[in-house]
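1. take this sequence and fold it.
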Amino acid sequence: MKAKKSRILVVDDERDICRALEFLLSREGYLVETAPSGEKALEKFEKNNYDLVLSDLRMEGMDGLELLDRIKASDPSTIFVIMTAFASVDNAVEAMKKGAEDYIVKPFVNDDVKMSIRRLLNYRSLKRENEILRRELSNRVSNNRFIGDSPQVKEIFAVLEKVMPTKSNILVLGESGTGKGVLAEIIHSNSPRAKKPFLSINCSAIPETLLESELFGYKKGAFTGANSDKVGLIAAADEGTLFLDEIGDMPVALQAKLLKVLEEGVFIRLGDVRPMQVDVRVIAATNKKIEEAVAKGEFREDLYYRLNVIELTIPPLRERTEDIPLLVKHFLGELNRKHSAGIKGVDVHAMDALSSYGWPGNVRELSNMLERAVVMCSSDTIMFEDLPAGKLSASAPAPAEGSLKGSLEYYERKVILEALSAYKRNKEATAKALSIDLGTLYRKMKKLGIAKD
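-> Numbers count the residues shown, from 1 in each chain. Have a look, this model is predicted:
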């Protein structure tokens, strides 16, 4: 699908200026219209949608400042750029205070005009993408809470209630797949910054040179191929939240630049010399033992303390197995909508297996496993056989080394679970297959924590 061309309205009572700018900007790929006065411009604006208005400051009748007021009142998202003679720069600054995004001094240099408009339109496009992402995030967060009723989850939310309204930076620790990103989204959406951008980046997935330009942005000409200015994520997240996933893998050279952002609220783009001010809340996450990395010199101690104003540790799923039924119910609701399925629930035997599994991939692995089961399931209930047998057939936790009693119970439980699955939970048939009576089967199921139904 082709990208939609930006629409520009040029307003100037000098016909030659209008023609020159129309020719210049049309060659850049924009859809350009012109108006000889503020009144005519307003008539066109009321009939059409423009992404950017480029207007002279001094015109007969309605001048540029009045046109600015009228257009911003009608659509605040429209970019407004003032053109003015050098002697009237003070008036242009006044226009900036009233809402204009930039000004151009006549006589202008063509490349400067093109660069300014390209930068402003790119920034507008980024803001719109952020607004869409925020709406999607709001929908996700309202339907995708951090699920759990275990003491560990309750403790996390007790802390969040205190820190979400603040500006404090937060460090989230936990294994991969525990939900660190979901927690970051929830923090943002329940903070005073909720209407501002929430942007994220995985520090381990991007090479160092590219990570620097993605975070800090760059100025045109900063390096070969930098043909235009780039707004980095730090600038784009101004007044919002920046989530730095896998911060433990950030190169040490970049850690120093990030520290300056946290300490002083300033940064410098690649190829630039001017510091830029920013107000951004940082939520960082890692699955590494970050204190060990600090001790080894792999992570800056001063940055660690700046990030670790509030520390949250998400326990692995194997340590909060009482939350598994809640998570299963939640994911099944999502998966039913995604696949237009009608799964009503999970068989008790299957739930036993899910609750006993070690979950090295944590909540993410549970979600993926359930999606496979929903796709493979031939009824309205997920059975043990719908789950990956290779992982779950011996789903009880492995016994401690050297424990005879633990080993016997482990394998006894495994055999009973497999027999129950083979005979569709028919207890009489299961007992007969195992060469024991029904009463013995029930006693063993109770002892080994296997649900009867």
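
2. what sits against L54?
-> I8, L9, V10, V11, L21, V81, M83, I104, I117 (C-beta atoms under 8 Å, 6 or more residues apart in numbering). Yep, even glycine has a C-beta here, placed from its N, CA and C like the rest.

3. distance between the ends of stretch 84-101?
-> 14 Å (C-alpha to C-alpha, to the nearest Å).

4. returning to what we had before: in helices only, show me the contacts of L54.
-> Among the contacts of L54, the residues falling in helices (DSSP state H) are L21, I117.

5. could you export the contacts of L54 as JSON lines, including neighbour count, distance to A431 and pLDDT?
-> Listed next are those as JSON lines, based on neighbours: other C-beta atoms under 10 Å; distance: C-beta to C-beta, whole Å; pLDDT from 0 to 100:
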{"residue": "I8", "neighbour count": "24", "distance to A431": "81", "pLDDT": "95"}
{"residue": "L9", "neighbour count": "23", "distance to A431": "83", "pLDDT": "95"}
{"residue": "V10", "neighbour count": "24", "distance to A431": "87", "pLDDT": "95"}
{"residue": "V11", "neighbour count": "29", "distance to A431": "88", "pLDDT": "95"}
{"residue": "L21", "neighbour count": "23", "distance to A431": "88", "pLDDT": "94"}
{"residue": "V81", "neighbour count": "23", "distance to A431": "83", "pLDDT": "92"}
{"residue": "M83", "neighbour count": "24", "distance to A431": "90", "pLDDT": "90"}
{"residue": "I104", "neighbour count": "19", "distance to A431": "87", "pLDDT": "87"}
{"residue": "I117", "neighbour count": "24", "distance to A431": "80", "pLDDT": "90"}
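
6. where along the stretch 51-200 of the chain do the strands fall?
-> 52-56, 79-85, 102-106, 170-173, 198-202 (DSSP state E, counting those that start in this stretch).

7. would you mark the buried spots in the last one?
-> Within strand 198-202, the residues scored as buried using 16 or more other C-beta atoms under 10 Å are F198, L199, S200, I201.

8. so which of those is the closest to C377?
-> Of all these, C377 sits closest to S200, with 33.3 Å by C-beta to C-beta.

9. nearest residue to the closest one other than its sequence neighbours?
-> F243 (3.8 Å; C-beta to C-beta, 6 or more residues apart in numbering).

10. tell me the phi and psi of P207?
-> Backbone torsions of P207, given as degrees, to the nearest 10, read phi -60, psi 150.

11. count of residues packed around it?
-> 8 (other C-beta atoms under 10 Å).

12. same question for E94.
-> 15.

13. which parts of the stretch 1-150 of the chain are helices?
-> 15-26, 38-47, 64-74, 89-97, 110-143 (DSSP state H, counting those that start in this stretch).

14. please name every helix or strand in contact with the second one.
-> I take that to be helix 38-47. Helix 38-47 sits against strand 7-11, strand 31-35, strand 52-56, helix 64-74, with contacts defined as 3 or more C-beta pairs under 8 Å, 6 or more residues apart in numbering; DSSP states H and E.

15. closest to L57 among the contacts of L54?
-> Nearest member of these to L57, counting by C-beta to C-beta, is M83, at 6.5 Å.

16. can I assume that closest one is in contact with L57?
-> Yes: counting by C-beta atoms under 8 Å, L57 is a contact partner of M83 at 6.5 Å.

17. before we move on, back to that, for the helices of the stretch 1-150 of the chain, which one ends up most surrounded?
-> With neighbours defined as mean count of other C-beta atoms under 10 Å, the helices of the stretch 1-150 of the chain peak in mean count at helix 64-74, which reaches a mean of 18.

18. following the helix or strand bottoming out on mean pLDDT in the chain, which helix or strand comes up?
-> None of the helices or strands of the chain scores lower by mean pLDDT, DSSP states H and E than helix 389-392, at a mean of 65. Heading C-terminal from helix 389-392, the first helix or strand you meet, by DSSP states H and E, is helix 404-422.

19. tally of neighbours for K427?
-> Using other C-beta under 10 Å, K427 is surrounded by 14 other residues.

20. which stretch among the helices and strands packed on helix 38-47 comes nearest M383?
-> strand 7-11 (57.5 Å).

21. okay, now the unreliable bits of the stretch 1-150 of the chain?
-> 1-4, 86-89, 127-145 (pLDDT under 70).

22. pLDDT wise, what is E365 at?
-> With respect to pLDDT, E365 scores 93.

23. which elements pack onto whatever helix or strand it lives in?
-> Assigned by DSSP H and E, E365 belongs to helix 362-376. On a contact count with 3+ C-beta pairs under 8 Å, 6+ apart, helix 362-376 meets helix 324-339, helix 348-356, strand 381-382.

24. need the overlap of contacts for M83 and L57.
-> In contact with both M83 and L57: G64, using C-beta under 8 Å, 6+ apart.

25. next one: stretch 310-328 to chain centre, how far?
-> Put simply, stretch 310-328 sits 21 Å off its chain's centre (C-alpha atoms, centre = their mean, to the nearest Å).

26. could you export it as CSV, CA atoms only?
-> Taking C-alpha atoms only, stretch 310-328 is exported to CSV below (Å, rounded to 0.1, in the frame of the first residue of the first chain):
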residue,chain,number,x,y,z
ILE,A,310,11.9,1.4,42.6
GLU,A,311,12.7,-2.3,42.1
LEU,A,312,10.0,-4.8,41.2
THR,A,313,10.8,-8.5,40.9
ILE,A,314,8.3,-10.7,39.0
PRO,A,315,8.4,-14.3,40.2
PRO,A,316,8.6,-17.1,37.6
LEU,A,317,5.4,-18.9,36.9
ARG,A,318,6.6,-22.1,38.7
GLU,A,319,6.7,-20.1,41.9
ARG,A,320,3.1,-18.9,41.6
THR,A,321,1.3,-21.9,40.3
GLU,A,322,-1.9,-20.9,42.0
ASP,A,323,-2.3,-18.2,39.4
ILE,A,324,-2.3,-20.7,36.5
PRO,A,325,-6.1,-21.4,36.5
LEU,A,326,-6.7,-17.6,36.3
LEU,A,327,-4.2,-17.2,33.5
VAL,A,328,-5.7,-20.2,31.6
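
27. and for that stretch, what's in contact with it?
-> 147-150, 152-153, 156, 159-160, 163, 168-175, 178-180, 183, 346, 351, 354-359, 362-363, 365-366, 370, 397.

28. out of these, which are buried?
-> 147-148, 150, 153, 156, 160, 163, 169-175, 178-180, 183, 346, 351, 354-357, 359, 362-363, 365-366, 370.

29. rank the helices and strands packed on helix 362-376 by pLDDT, which is bottom?
-> What stands lowest among these, in mean pLDDT terms, is helix 348-356, with a mean of 82.

30. count of residues packed around the closest residue to M351 other than its chain neighbours?
-> Distances taken as C-beta to C-beta, 6+ apart place P325 nearest to M351, at 6.6 Å, with adjacent residues excluded. Neighbourhood size, P325 [other C-beta under 10 Å]: 15.

31. any idea how far P325 lies from F331?
-> Distance, P325 to F331, using C-beta to C-beta, to the nearest Å: 11 Å.
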